[in-house]
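Asks: Show me how the following folds:
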Amino acid sequence: MSITASSPLRAWRWRRTLGLALLVLFHALPWLQWNGRQALLLDLNARRFDLFAWTLWPDDIGVLLGLLAVMAVGLALLTHLAGRVWCGHACPQTLWTRAFDGIAQALARVLPAKLARPATQLAWLLLSLWTGITFVGLFSPIRELVAGAFDGAWSGWETFWVLFYAGATWGNAGFLREQVCRSLCPFARMQPLLTDPHTPRMLYDPRRGEPRGARPPALGGVLSRGRGLLDPTTAQDYVFRAAHPLLAGPMPTFSADRLGDCLDCMACVRACPMQLDIRQGPQADCLACGACLDACAQQQHQAGFGPSLVRYCSPQLMAGQPRRWWRPAPRPGFAAAGAAGVRRLAPALISPARRRGGTSWRDGRCPVFDDQRHFIGDIGSPGPLGNQTIKHLLVGIPERRTASVFVITGFQFAAYPFSQAMHAVFHTTSVGLVLHR
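Replies: Residues are numbered from 1 along each chain as shown. Next up is the predicted model:
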């Protein structure tokens, strides 16, 4: 039975599309608007986090920690069930390294060799600088940040962090590359703790591929020419001999009709961003990005042998056992952390005030800011504010050692220090106040 494919089997041809979509999403996030404000803004100066419909204040730290716990447990569960999906397809290091490689390859095709290298470095620097601006734009209003880049209005901290993240992007994606995953990333070191024999990973099929070697064209694959699959023990013996020739001795010589489907072309090794040989068995540093799978699929198609010798599956599935999605959790602590995170998030999910991004008047809390968007304190009142005319408001100022004077719609008042906070009572008929230092 012939299994020759009529077109290259690129089961993961969506990798580039997904990577490009995630890059565009990251750079577009600070520009999204929600009810007339920046949808995602972690304003540390104002002590206010705007997360689309949510607005988190300093006393919402439990909600923030719960959200982080749920995200961490979700990432661990995703890795346990689906393998290194994050590392191979969504990690910033992977995305920007792939983007840098695409820029270098594109410029090498259209420019002479003498111009390609400096043009590549310039393009990398521009992308890194825009990445730094975009990242800082999550903590400072992006429109003001971009406008300030042209008139020199950046503060010292904004300048520092933009240049810092631009330099980190340029260095990590352009030069350190796989060393970040191999030596610096803590999550990569945690991978073995999150997997079991049913977790998918990149695996080479030695029963069909071994023994490897070049052969005359148009010979056909092992299934089409009748050689069939090797037994698992013999296949693993050939893999061990090829990986450790000094220890196991040289491989025996085989006739062309007894060779497996692996051409020993090294295309999978050249394509791997971590410079690994997937044929030597499961690799702890493998990102499961699918580059070796695509490269092998191309070579197998050109030789007329059928699908790729590299598969993304679990060792149990490769051994012929059924797939198991539901299995006991290997680390009960993950379930406990997830439950604690959901418990923290539950009040925010059911609170109408937080869902609409406002504040709950029932606890008498109303954040007050000055014209520079610096957090000053909370306005409390004896009753619901609503649209009523308020005669007396109590402004809570964070504790300071000296008194501060503020101007509120033309009226001056002094804030005096007390044991826990400074309070001042003033009279006004307006609820919508603009405070100036």
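
Asks: Would you mind listing the buried residues in stretch 38-55?
Replies: Going by neighbour count (16 or more other CB atoms under 10 Å), the buried part of stretch 38-55 is 38, 40-41, 43, 46, 48-51, 54-55. (Glycine included, C-beta is placed from N, CA and C.)

Asks: before we move on, what about stretch 20-35?
Replies: Neighbour counts over stretch 20-35 (16+ other CB under 10 Å) mark 22-23, 26-27, 29-30 as buried.

Asks: Likewise for stretch 184-191?
Replies: Those buried within stretch 184-191 under the rule 16+ other CB under 10 Å are 187-188, 191.

Asks: Which of these sits closest to Gly260?
Replies: The shortest approach to Gly260 among the buried residues of stretch 184-191 belongs to Gln191, at 29.5 Å (CB to CB).

Asks: can you tell me how far that closest one sits from Arg84?
Replies: 6 Å (CB to CB, to the nearest Å).

Asks: Nearest residue to Arg324 in space, please, no chain neighbours.
Replies: Sequence neighbours aside, His198 is the residue nearest to Arg324 in space, at 5.0 Å (criterion: CB to CB, 6 or more residues apart in numbering).

Asks: what's around the one you found, how many residues?
Replies: For His198, the neighbour count with other CB atoms under 10 Å is 19.

Asks: Looking at it now. What's its pLDDT?
Replies: Predicted confidence (pLDDT) for His198: 90.

Asks: One more: the one 10 residues further on?
Replies: For Arg208, the model assigns a pLDDT of 94.

Asks: Could you pull up the residues touching it?
Replies: With contact taken as CB atoms under 8 Å, 6 or more residues apart in numbering, Arg208 is in contact with 221-223, 229-230, 260-261, 309.

Asks: switch to 7 Å and redo it
Replies: Residues in contact with Arg208 (CB atoms under 7 Å, 6 or more residues apart in numbering) are 222, 229, 260-261, 309.

Asks: can you check Arg15 too?
Replies: Contacts for Arg15 (CB under 7 Å, 6+ apart) come out as 89, 290.

Asks: separation between it and Gly228?
Replies: Note on Arg15: its distance to Gly228, by CB to CB, is 32 Å.

Asks: what does Ala76 give?
Replies: The spacing between Ala76 and Gly228, counted by CB to CB, is 41 Å.

Asks: These two: who's more crowded?
Replies: Set Ala76 next to Gly228 and count neighbours by other CB under 10 Å: Ala76 wins out with 21 against 10.

Asks: my read is that one is in a helix, agree?
Replies: Yes: when classified by DSSP: H, G, I helix; E, B strand; the rest coil, Ala76 is found to be part of a helix.

Asks: so it touches Leu194, yeah?
Replies: Yes: using CB atoms under 7 Å, Ala76 is in contact with Leu194, at 5.5 Å.

Asks: Quick check: pLDDT value at the most centrally placed residue in the chain.
Replies: In the chain, the residue lying closest to the centroid (CA atoms, centre = their mean) is Cys91, at 3.8 Å. At Cys91, the model reports a pLDDT of 95.

Asks: Check Phe305 too.
Replies: 89.

Asks: Please name the nearest non-neighbouring residue to it.
Replies: Counting by CB to CB, 6+ apart, Gly221 is the residue found nearest to Phe305 once chain neighbours are left out, at 3.8 Å.

Asks: For Thr195, see how far away that neighbour is.
Replies: Between Gly221 and Thr195 the computed distance is 31 Å (CB to CB).

Asks: how near is Pro186 to Leu193?
Replies: Taken as CB to CB, the span from Pro186 to Leu193 is 12 Å.

Asks: hmm, I was thinking of Leu25
Replies: Distance of Leu25 to Leu193, given as CB to CB: 29 Å.

Asks: what's the answer for Val310, then?
Replies: Distance from Val310 to Leu193, by CB to CB: 25 Å.

Asks: do the same with Gln321
Replies: Gln321 is 23 Å from Leu193, by CB to CB.

Asks: which phi and psi does the residue lying closest to Phe254 once chain neighbours are set aside have?
Replies: Spatial nearest neighbour of Phe254, excluding adjacent residues (CB to CB, 6+ apart): Pro211 at 5.3 Å. Torsion angles at Pro211 (phi, psi; degrees, to the nearest 10) stand at phi -70, psi 140.
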